[in-house]
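In: Pasting a predicted model and its sequence here:
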Amino acid sequence: MFLHLGSNVCADKADIIGIFDLDNVTVSAQTRNYLNALERDGKLITVSTELPKSLVVTSKGTYISPISVRTLIKRAGRPY
């Protein structure tokens, strides 16, 4: 099954490692450094130009989504 992350982007639910609230995780310097490194290497995928709300980490890539964590978890049908 797939999880819709916004703007015609989907991720295989089996590949999802975690879904995180972007406001909460970017407080940490380590997370900001991780995201900066992904962006520098071209491995951070921004799903939409809308206000980013969540960070979805998968085994195939890391996505910034405009959809809230609560909505993504509801769509996924199981907690992450």
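Out: Cool, the structure landed. Predicted, not measured: the structure shown is a model, and the values here were computed from it. Numbering: from 1, shown residues only.

In: CA only for contacts and neighbour counts going forward, please
Out: Noted.

In: secondary structure element for the spatially most central residue of the chain?
Out: Against the mean C-alpha coordinate of the chain, by C-alpha atoms, centre = their mean, the closest residue is residue 56 at 2.1 Å. Per DSSP states H and E: residue 56 is located in strand 54-58.

In: who does that strand touch, helix- and strand-wise?
Out: Using 3 or more C-alpha pairs under 8 Å, 6 or more residues apart in numbering; DSSP states H and E, the elements in contact with strand 54-58 are strand 16-21, helix 22-25, strand 62-65.

In: redo that, cut-off 7 Å
Out: strand 16-21, strand 62-65 (3 or more C-alpha pairs under 7 Å, 6 or more residues apart in numbering; DSSP states H and E).

In: if you compare these, which one is most tucked away?
Out: Among the helices and strands packed on strand 54-58, ranked by average contacts under mean count of other C-alpha atoms under 10 Å, first place goes to strand 62-65 (a mean of 24).

In: Run through who's touching whichever helix or strand comes after that one.
Out: Downstream of strand 62-65, the first helix or strand assigned by DSSP H and E is helix 69-76. Under the contact criterion C-alpha atoms under 7 Å, 6 or more residues apart in numbering, helix 69-76 has outside partners 3, 19-21, 54, 79.

In: Widest-spaced pair of those?
Out: 3 and 21 (16.4 Å; C-alpha to C-alpha).

In: what ranges of this protein fall below the confidence cut-off?
Out: Scanning the chain for pLDDT under 70 picks out 78-80.

In: returning to what we had before: my guess is the residue nearest to the centre of the chain contacts residue 68. True?
Out: No: under the criterion of C-alpha atoms under 7 Å, residue 56 is not in contact with residue 68, lying 10.6 Å apart.

In: Can you tell me how far residue 38 is from residue 70?
Out: With distances taken as C-alpha to C-alpha, to the nearest Å, residue 38 is found 24 Å from residue 70.

In: Give me the buried stretch members for the biggest helix by length in the chain, please.
Out: Secondary structure of the chain per DSSP state H: the longest helix is helix 29-40. Buried positions in helix 29-40, judged by neighbour count with 16 or more other C-alpha atoms under 10 Å: residue 35.
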